[in-house]
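Undergrad: quick one, what's the 3D model for this:
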Amino acid sequence: MTKKLLLAFVAVFVAWSVLDIVIHGMLLAKAYEASASLWRPEAEMKMGLMYFVGAVSAFVFVWVYVKFVSPKSMMIGLQYGLILGVSYGIGMGYGTYAVQPLPYNIALSWFLGTIVEMGVAGLLTGLIVKE
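TA: Here you go, the predicted model:
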């Protein structure tokens, strides 16, 4: 099971990294430029910390699935990811929107993007870690 856990962790981390580039680096680039006063300048962004946070989150996501979800399958993994996606996405998008002057389209995109990212992560985890 350790080998599958590690493989799923790597798959989730890579998927999240690629999806983050698509969502934040491409789809939301103009929205971020239009709200530049809300963000650190690119040179001051702590990308190493972001990758560390992503790695820890990916590991915990997979570890919780391995330890606490039963039965394990692709569909169960997808459901797990979508449920967590709604849970985390609501906080990421609308929780932040409630306390920060984010444009609504960014809040909505963060909410939906988190659901997509977590759904993909659950699908990958369910494909790799099966009973």
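
Undergrad: and Ile106, helix, strand or coil?
TA: helix (DSSP: H, G, I helix; E, B strand; the rest coil).

Undergrad: how many residues are close by it?
TA: Summarising burial for Ile106: neighbours were counted as other CB atoms under 10 Å, giving 21. C-beta coordinates here come from the backbone N, C-alpha and C atoms, glycine included.

Undergrad: equivalent analysis for Ser57, please.
TA: The burial count for Ser57: 16, using other CB under 10 Å.

Undergrad: and for it, nearest residue in space, chain neighbours not counted?
TA: Counting by CB to CB, 6 or more residues apart in numbering, the nearest residue to Ser57 once its immediate chain neighbours are dropped is Trp16, at 7.8 Å.

Undergrad: spatially central, which residue of the protein would that be?
TA: Within the chain, one residue has its C-alpha closest to the average C-alpha position: by CA atoms, centre = their mean, that is Glu117, at 4.6 Å.

Undergrad: hey, where'd the helices end up in this structure?
TA: Remark: helices of the chain, listed N- to C-terminal, are 2-20, 29-34, 47-68, 74-89, 96-99, 104-128; assignment by DSSP state H.

Undergrad: thinking again about what came up before, residues contacting the residue nearest to Ser57?
TA: Under the criterion of CB atoms under 8 Å, 6 or more residues apart in numbering, the contact list for Trp16 reads 54, 57-58, 117, 121.
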